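*Asks:* the sequence isn't on hand, but the structure is:
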């Protein structure tokens, strides 16, 4: 599941709003938000790409890792469902 991350005017505001919202989530709710996206997959909608980018930022900040990857050529993707074990993020 991959998509290309591109930026346009107004994207930064969308990303910041979602980072702020995700930062308020509990660990469980954050993982649930990610796992929900894995169930539908990446559908190629710009809003979903930005949503995943913001979610990636918060997951990396909180857990020091993220199942959402961003390559050097702006390919954004997901690695599948995750779970929490003793406060740590584990990839299934």
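*Replies:* Perfect, thanks for sending it. Everything quoted here is computed from the prediction, not taken from an experiment. Numbers count the residues shown, from 1 in each chain.

*Asks:* which residues of the protein fall in helices?
*Replies:* Along the chain, the segments classed as helices by DSSP state H run 11-23, 27-40, 46-63.

*Asks:* could I get the ones you listed in CSV, plus columns for mean neighbour count, distance to residue 88 and mean pLDDT?
*Replies:* In this view, the C-beta of every residue, glycine as well, is placed from N, C-alpha and C. CSV is the format used below for the helices of the chain (neighbours: other CB atoms under 10 Å; distance: least, CB to CB, whole Å; pLDDT from 0 to 100):
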stretch, mean neighbour count, distance to residue 88, mean pLDDT
helix 11-23, 14, 18, 97
helix 27-40, 15, 9, 95
helix 46-63, 18, 7, 97
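
*Asks:* can you redo those as TSV with distance to residue 82?
*Replies:* Converted to TSV, those look like this (distance: least, CB to CB, whole Å):
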stretch	distance to residue 82
helix 11-23	15
helix 27-40	6
helix 46-63	9
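
*Asks:* residue 76 is nearest to which of the ones you listed?
*Replies:* If you check each of the helices of the chain against residue 76 by CB to CB, helix 46-63 wins as the nearest, at 6.1 Å.

*Asks:* buried sites along stretch 69-78?
*Replies:* With burial defined by 16 or more other CB atoms under 10 Å, the residues of stretch 69-78 counted as buried are 70, 76, 78.

*Asks:* report pLDDT for the first one.
*Replies:* As summarised for this prediction, residue 70 has a pLDDT of 96.

*Asks:* and stretch 32-39, how far out from the chain middle?
*Replies:* When distances are taken as CA atoms, centre = their mean, to the nearest Å, stretch 32-39 is centred 9 Å away from the chain's centroid.

*Asks:* also stretch 7-14?
*Replies:* For stretch 7-14, the separation from the chain centroid amounts to 16 Å (computed by CA atoms, centre = their mean).
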